[in-house]
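Peer 1: Fold the stuff below for me.
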Amino acid sequence: MAVTYEWCVEKVWRKSDDIEDLNFTDSLAEARSWVCENANDCEHDYRIVLVRTEGGEHEGVTDGLYAYLEHNGVLPEFFSNSYCSTKVRVPQKYQREAQRKK
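Peer 2: Modelled structure (predicted):
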């Protein structure tokens, strides 16, 4: 079973907190750039999240976990599963990437 990581920008309606769109990027720098380009959008908020997926070619995605970039530019230590924190650690590679440029 393969594990993959992807940066994503969630476009969220401010009034309802519903996710309108997901924009996957190749890097955190690209995600941050995407958010900056849309900074004047008064109807939406943009959240950067590291998405961890498990699965393979035959079974598809079997699990998804999320680590939201906090306002201070830091990733949490552990992923969450939409409801609560898990014991799955965010890899140091992504922690360092977040710290390089807040």
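Peer 1: in the lowest-mean-pLDDT helix or strand in the chain, what counts as buried?
Peer 2: When the helices and strands of the chain are scored by mean pLDDT, DSSP states H and E, strand 60-68 comes last with a mean of 86. Of all the residues in strand 60-68, those buried under the rule 16 or more other Cβ atoms under 10 Å are 65-67. C-beta here means a position set from N, CA and C on the backbone, and glycine is covered the same way.
Peer 1: ditto for stretch 4-19
Peer 2: 7-12.
Peer 1: Considering those, which is situated nearest to residue 73?
Peer 2: residue 7 (13.5 Å; Cβ to Cβ).
Peer 1: before we move on, back to that, just the residues contacting the least confident helix or strand of the chain, thanks.
Peer 2: Residues from elsewhere that reach strand 60-68 (Cβ atoms under 8 Å, 6 or more residues apart in numbering): 1, 47-55, 75-76, 78-82, 86, 88, 90, 94.
Peer 1: Inside helices: which ones of those?
Peer 2: Applying DSSP state H to the contacts of strand 60-68, the entries found in helices are residue 94.
Peer 1: which residues touch residue 70?
Peer 2: Contacts of residue 70 by Cβ under 8 Å, 6+ apart are residue 76.
Peer 1: Residue 59 versus that one, what's the distance?
Peer 2: When distance is defined by Cβ to Cβ, to the nearest Å, residue 70 is 32 Å away from residue 59.
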